[in-house]
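Student: Just need the structure, nothing else, for what follows:
(4 chains)
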Protein chains: 2
Amino acid sequence: MTRPRTAPRSVHHPDLDAVALRQVLEALADPVRLALVSQLARSEGHISCGGFDVPVAASTLTHHCNVLREAGLIRQYYVGTVKRNALRAEEMEARFPGLLAALLAAATVESPAVAA
Amino acid sequence: MTRPRTAPRSVHHPDLDAVALRQVLEALADPVRLALVSQLARSEGHISCGGFDVPVAASTLTHHCNVLREAGLIRQYYVGTVKRNALRAEEMEARFPGLLAALLAAATVESPAVAA
DNA sequence: CCGGAGCTTCGACCGCCGTCGTACCATGGA
DNA sequence: TCCATGGTACGACGGCGGTCGAAGCTCCGG
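Tutor: Next comes the predicted model:
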């Protein structure tokens, strides 16, 4: 994974056509990851990895972000040393129509704005 | 778990309001269980436990059915020695609007009628 | 050039979940 | 009454996934 010293940091984002439904479900079945996606959906902008409100260590958070990214749910990009996250909502809508919307709505029903 | 010798066999079905989204997602994240629900959705009628087309042992199948039932996704009832399964589609729709429909649609998109 | 903030990588640990085989129970029919 | 059928209960096992801490890397600011 070593990369030429001068290349910019980049991340791999799967084509959504290559993402299996099972991946998405497994990704969202974890409460931490569901919380990440929920927070991302609620806040208009893009949230940095450190900006999430979840009770896990940094390394664990990285892991969860990777899972979400591989499941095609989020897009990540670097801004300086900070890594920002964005929902791939429209692409998901194209791949699995109505799914993400229903999931987010369902999540909201359960925890009605736990936002501090 | 012994029950009076004359009582009919019955099963516990959770109130859907008591079912967490996470339970539903975990239930459906397993490929076998997703297959069960898909087959149930495709075939109009109610399928018996032995009638499913999945490559697992009988005891494993029982386990999966229990998980789906506890997640509020299916309703089970005995007819003689046979146990029938039915989707709780309408109740799920009331609890998590659009969710099950989107999931089933997504599952169909992926495996377009693998029905033999 | 140096430090610190932010994330990642790695290795380890542990608990949970899917799987099975075996033994068993309930029901209906011969 | 006995058997066959259909499911269940239980225990065991294996693997995977979530978790962490420590060490390291990258980029910006000073």
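
Student: Next, count neighbours for A:Glu12.
Tutor: Quick fix: residue A:12 reads His, not Glu. 8 (other C-beta atoms under 10 Å in any protein chain shown). Just so you know, the C-beta spots here come from the backbone N, C-alpha and C atoms, and that holds for glycine as well.

Student: wait, A:Gln76
Tutor: Other residues close to A:Gln76 by other C-beta under 10 Å number 19.

Student: and the residue in chain A that DNA strand D sits nearest to, helix, strand or coil?
Tutor: Proximity of chain A to DNA strand D (C-beta to the nearest atom of the strand) peaks at A:Ser59, 2.9 Å away. With DSSP: H, G, I helix; E, B strand; the rest coil as the basis, the three-state label of A:Ser59 is helix.

Student: Please tell me how far it sits from A:Val67.
Tutor: Separation of A:Ser59 from A:Val67 (C-beta to C-beta, to the nearest Å): 13 Å.

Student: From the contact counts, what lies against whichever strand or helix holds A:His63?
Tutor: Counting by DSSP states H and E, the element that carries A:His63 is helix A:58-70. Judged by 3 or more C-beta pairs under 8 Å, 6 or more residues apart in numbering or on different chains; DSSP states H and E, the packing partners of helix A:58-70 are helix A:21-29, helix A:31-42, strand A:74-79, strand A:82-87.

Student: Need the ones you listed in a markdown table (columns: mean pLDDT and distance to DNA strand C).
Tutor: Shown next, in a markdown table, are the helices and strands packed on helix A:58-70 (pLDDT from 0 to 100; distance: least, C-beta to the nearest atom of the strand, whole Å):
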| stretch | mean pLDDT | distance to DNA strand C |
| --- | --- | --- |
| helix A:21-29 | 98 | 9 |
| helix A:31-42 | 97 | 12 |
| strand A:74-79 | 95 | 7 |
| strand A:82-87 | 96 | 4 |
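
Student: which other residues reach the helix holding A:His63?
Tutor: With contacts defined as C-beta atoms under 8 Å, 6 or more residues apart in numbering or on different chains, helix A:58-70 is touched by A:11-14, A:23, A:26-27, A:30, A:32-33, A:36-37, A:49-50, A:52, A:54, A:56, A:74-76, A:83, A:85.

Student: go again using 10 Å as the cut-off
Tutor: By C-beta atoms under 10 Å, 6 or more residues apart in numbering or on different chains, the residues outside helix A:58-70 that reach it are A:11-14, A:19, A:23-24, A:26-28, A:30, A:32-37, A:40, A:49-50, A:52, A:54, A:56-57, A:73-76, A:83, A:85, A:87-88.
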